[in-house]
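Novice: Using only what follows, build the 3D model:
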Amino acid sequence: CPDAVLAALGERFDETGHPQNLTSIHPIAAGDFFGTKGVDHYARPGCISRIVGGSYPSGPSKAEPPLIWQMIVAEEVKAYNVPSGIIFDMLREGASKRPGVLTKVGMDTFADPDQEGCAMNQSARTDPIVERRSFDGEDWLFFAALQPDVAIIRASTSDERGNLSFESEGAYLGAMEMALAAHNSGGMVIAQVRQVAKNGSIRPHDVRVPGILVDHIVEAPDMLQTTATPYDPAISGELIRPLDSFSIPEFGVQKVIARRVAQELKDGWAVNIGFGVSANVPRIFLEEGCHGAVTWVIEQGAVGGIPLLDFKFGCAANAEAFVASPHQFSYFQAGGFDCSLLSFLEIDADGSVNVSRLAATPHRTAGAGGFVDITTRAKRIVFSGSFNAGAKMHIDDGRLVIDKEGHTAKFVEKVDQVSFSGRRALAEGREALYVTERCVIALKKEGLTVTEIAPGIDLQRDILDQAETGLLVSDTLAEMDPRLFCPAPIGLNP
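Specialist: Residues are numbered from 1 along each chain as shown. Okay, the predicted model is just below:
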């Protein structure tokens, strides 16, 4: 996040009342709860009137919501949650003077105008950002091109002519696409960098954004590499970490889920992972001596290596390659990978998943991000998480013990928001599996079907009675692999 420039923008508005009525566009979340204010620097009524984001700052439910969320809830800004890859596509179309994006990404989800049309509040619903159109005998979603007046991007180094390199960054993200869109629209490009170098000191192959697109350079030597991380050379591929320097998850309920997810993967696959339990699956492969059997790919652009956790999530150490995010999203949108590992907030009767909105505490979730781009054509998806919210559990002698049952069901009759359409996935012959600590559930044409049950769990009391929607039970119901529930490695063999 080019936080220094955004901070100056907010300070200018506070002092002068300008600029006014901005439309803010950010494909990936600009800011967080943990030291990088991002969009909150200028989230002021009068300064910003419209925001188009792939994701938004998110954090604990008891924390005060970020200013941008307060504005969204108060209807002080028109707010849209557009899939991250689609925003990059809209910028690319704007840069090329094409009218917009025709896509299947987001159909039958909240992005579809037949549902919410990406609108996050009533103000946005009065000014739609997407429509359905017929083309060549098929229905498509149409998003008009974006032509920004200003692009604010970041890089590691600029030379005196504005050529930008990214040697200390954990991803290229979409800097080139944003710069092109603004420049080709007659706008201005501002680049925040750590340092300025003499002309000719950056190798041509290392320049990711050429100086012909850049109008202004802002030097910010203390800018963070990622959330709460000043600098880690392994994130930017400048250092290769020993494999034994990566932490292995402690044995417990969450590790059981990650292990079971790992059993779904095959040697040679390219696998996307998301936040949550899934983020620990690469560590399971590492512990089991299977590192390298699959190649991890994440939306921010890293290919290979070991995806990182917590504040560093979205980055990878020891990556094989960095791909610009718009290209990575093209790969995802077309289903070019083998499997995706993702989390869930809610799952409903037809297998649809909500990962993007909690109506009671909206700032707890970041929005959809790249989730919709990834799941639209994914051949196989393994969703993972706890069966319900709030349960207290432990493992005793290879058996799962529920000490206190959860307070909120996650398997519900209808999700609050459709981030993934189970109905559409079934119609297109794609696979979806839901892995929890107490059972494994498959999406079948007959309905959600329990196929495996954890040792120590009672099917009726602990599963069927705890779901607010009907679950079918497989005729061949099996016990989950008992090795999952023991501390020793499970002998993973992808």
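
Novice: which secondary structure elements does the top helix by length along the chain contact?
Specialist: Counting by DSSP state H, the longest helix found in the chain is helix 3-16. Helix 3-16 sits against strand 188-193, strand 216-219, with contacts defined as 3 or more Cβ pairs under 8 Å, 6 or more residues apart in numbering; DSSP states H and E. No exception for glycine: its C-beta is placed from N, CA and C like everyone else's.

Novice: now those in TSV, with mean pLDDT?
Specialist: Formatted as TSV, the helices and strands packed on helix 3-16 follow (pLDDT from 0 to 100):
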stretch	mean pLDDT
strand 188-193	98
strand 216-219	98
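
Novice: most neighbours per residue, which of those?
Specialist: The highest average neighbour count among the helices and strands packed on helix 3-16, using mean count of other Cβ atoms under 10 Å, belongs to strand 188-193 at a mean of 22.

Novice: where do the helices sit along this structure?
Specialist: Using DSSP H, the helices of the chain run over residues 3-16, 67-73, 84-95, 122-125, 175-184, 253-262, 281-287, 325-333, 371-375, 422-427.

Novice: Lys198 and Asn163, how far apart?
Specialist: 11 Å (Cβ to Cβ, to the nearest Å).

Novice: Which of the two has more residues huddled nearby?
Specialist: Asn163 (25 against 8; other Cβ atoms under 10 Å).

Novice: Find the nearest non-adjacent residue to Gly274, please.
Specialist: Spatial nearest neighbour of Gly274, excluding adjacent residues (Cβ to Cβ, 6 or more residues apart in numbering): Leu342 at 4.3 Å.

Novice: what sits opposite that neighbour in the beta ladder?
Specialist: Beta-bridge partners recorded for Leu342 (DSSP bridges): Phe383.

Novice: hmm, back to that, save the helices of the chain as JSON lines, and put in mean pLDDT, distance to Phe110 and mean neighbour count too.
Specialist: Below are the helices of the chain laid out as JSON lines (pLDDT from 0 to 100; distance: least, Cβ to Cβ, whole Å; neighbours: other Cβ atoms under 10 Å):
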{"stretch": "helix 3-16", "mean pLDDT": "96", "distance to Phe110": "27", "mean neighbour count": "16"}
{"stretch": "helix 67-73", "mean pLDDT": "93", "distance to Phe110": "15", "mean neighbour count": "22"}
{"stretch": "helix 84-95", "mean pLDDT": "97", "distance to Phe110": "13", "mean neighbour count": "26"}
{"stretch": "helix 122-125", "mean pLDDT": "97", "distance to Phe110": "12", "mean neighbour count": "16"}
{"stretch": "helix 175-184", "mean pLDDT": "97", "distance to Phe110": "24", "mean neighbour count": "23"}
{"stretch": "helix 253-262", "mean pLDDT": "98", "distance to Phe110": "25", "mean neighbour count": "23"}
{"stretch": "helix 281-287", "mean pLDDT": "97", "distance to Phe110": "27", "mean neighbour count": "21"}
{"stretch": "helix 325-333", "mean pLDDT": "96", "distance to Phe110": "17", "mean neighbour count": "23"}
{"stretch": "helix 371-375", "mean pLDDT": "97", "distance to Phe110": "8", "mean neighbour count": "30"}
{"stretch": "helix 422-427", "mean pLDDT": "97", "distance to Phe110": "13", "mean neighbour count": "18"}
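
Novice: And those helices: which comes nearest Ser134?
Specialist: helix 422-427 (18.0 Å; Cβ to Cβ).

Novice: Give the other helices and strands that that closest one contacts.
Specialist: Partner elements for helix 422-427 (3+ Cβ pairs under 8 Å, 6+ apart): strand 431-435, strand 439-444.

Novice: if we go to 7 Å?
Specialist: Here helix 422-427 touches strand 439-444, going by 3 or more Cβ pairs under 7 Å, 6 or more residues apart in numbering; DSSP states H and E.

Novice: how far away is the residue nearest to Gly274 from Ile284?
Specialist: Applying Cβ to Cβ, the value for Leu342 to Ile284 is 16 Å.

Novice: How about Ala111?
Specialist: The spacing between Ala111 and Ile284, counted by Cβ to Cβ, is 32 Å.

Novice: For the longest helix of the chain, what is the distance to the chain centroid?
Specialist: Put simply, helix 3-16 sits 28 Å off its chain's centre (Cα atoms, centre = their mean, to the nearest Å).

Novice: and the angle from that helix to strand 188-193?
Specialist: 120 degrees (axes from the mean of the first three to the mean of the last three Cα atoms, to 10 degrees).

Novice: what comes into contact with helix 3-16?
Specialist: Identification of contacts with helix 3-16 by Cβ atoms under 7 Å, 6 or more residues apart in numbering yields 18-19, 36-38, 41-42, 44, 47, 152, 190, 192, 218, 220, 223.
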